[in-house]
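Visitor: coords please:
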Amino acid sequence: MNTKIRSPIALRFNGYHTNWSMNMHIDDLKESKYLTKHDVENELTATIAGISKENLARDNEPPEYKYILNFKECKPLVLNSTNGQLAAMALKSPETDNWIGKQITMFNDKTVSYAGKLTGGVRIRPDAPGQTVQTQTSEAAPTQPVDDFDDNIPF
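Guide: Numbers count the residues shown, from 1 in each chain. Okay, here's the model as predicted:
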């Protein structure tokens, strides 16, 4: 019996070849309990349920505490300095107690870099959901030319 495997990936399981074809991203192999850029590929708007501080260090490493933004609808977000500042801007308050119950929009910002390489990453939109950033335009009255010339100066 000549078995030809046509799938790009063949798995050997209990002595049998299994054809396996699935459209997936390599990052899907590693589940994260926190939001990643892949979770916000299409914008995601979520309601803030609370803020906590968790130790994100690996086993047998010194503690590494980070702030976590918890949501009602989805996985939490590890809050870095940039996203903290963007959340404060979007929610119009630097006090995190004022953020509870409010919504923010997150997206995959492809310009985020890590170790000198563009990797993409989760960013918070600086304007709250449903709002647009308005620029102030003032239509100043046209100014009249100023006559600074003193014609009485003798030359």
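
Visitor: neighbouring contacts of the helix or strand encompassing residue 84?
Guide: Under the criterion of DSSP states H and E, residue 84 resides in helix 81-91. Contact with helix 81-91 is made by 67, 69, 77, 79, 94, 98-99, 102, 104-105, 122-128, as judged by Cβ atoms under 8 Å, 6 or more residues apart in numbering. Where you see a C-beta, it was placed from the backbone N, CA and C, and this is true even at glycine.

Visitor: can you rerun that using 6 Å?
Guide: Residues outside helix 81-91 that contact it (Cβ atoms under 6 Å, 6 or more residues apart in numbering): 94, 99, 102, 104, 124, 126, 128.

Visitor: just the ones of these in helices?
Guide: Using DSSP state H, no member of those falls within helices.

Visitor: from these, pick the one nearest residue 48.
Guide: Checking the contacts of helix 81-91 against residue 48 by Cβ to Cβ gives residue 99 as the nearest, at 4.9 Å.

Visitor: wait, that closest one sits on residue 48?
Guide: Yes: using Cβ atoms under 6 Å, residue 99 is in contact with residue 48, at 4.9 Å.

Visitor: coming back round to it: now render the contacts of helix 81-91 as TSV, adding neighbour count and distance to residue 57.
Guide: TSV is the format used below for the contacts of helix 81-91 (neighbours: other Cβ atoms under 10 Å; distance: Cβ to Cβ, whole Å):
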residue	neighbour count	distance to residue 57
94	12	27
99	21	26
102	15	30
104	24	27
124	24	25
126	15	30
128	18	33
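
Visitor: which of those lies closest to residue 117?
Guide: Distances from residue 117 to these, taken by Cβ to Cβ, are shortest for residue 124, at 21.9 Å.

Visitor: and the nearest residue to the closest one once chain neighbours are set aside, how far is that from residue 61?
Guide: Distances taken as Cβ to Cβ, 6 or more residues apart in numbering put residue 86 closest to residue 124, at 4.1 Å, once the chain neighbours are dropped. Residue 86 is 29 Å from residue 61, where distance means Cβ to Cβ, to the nearest Å.
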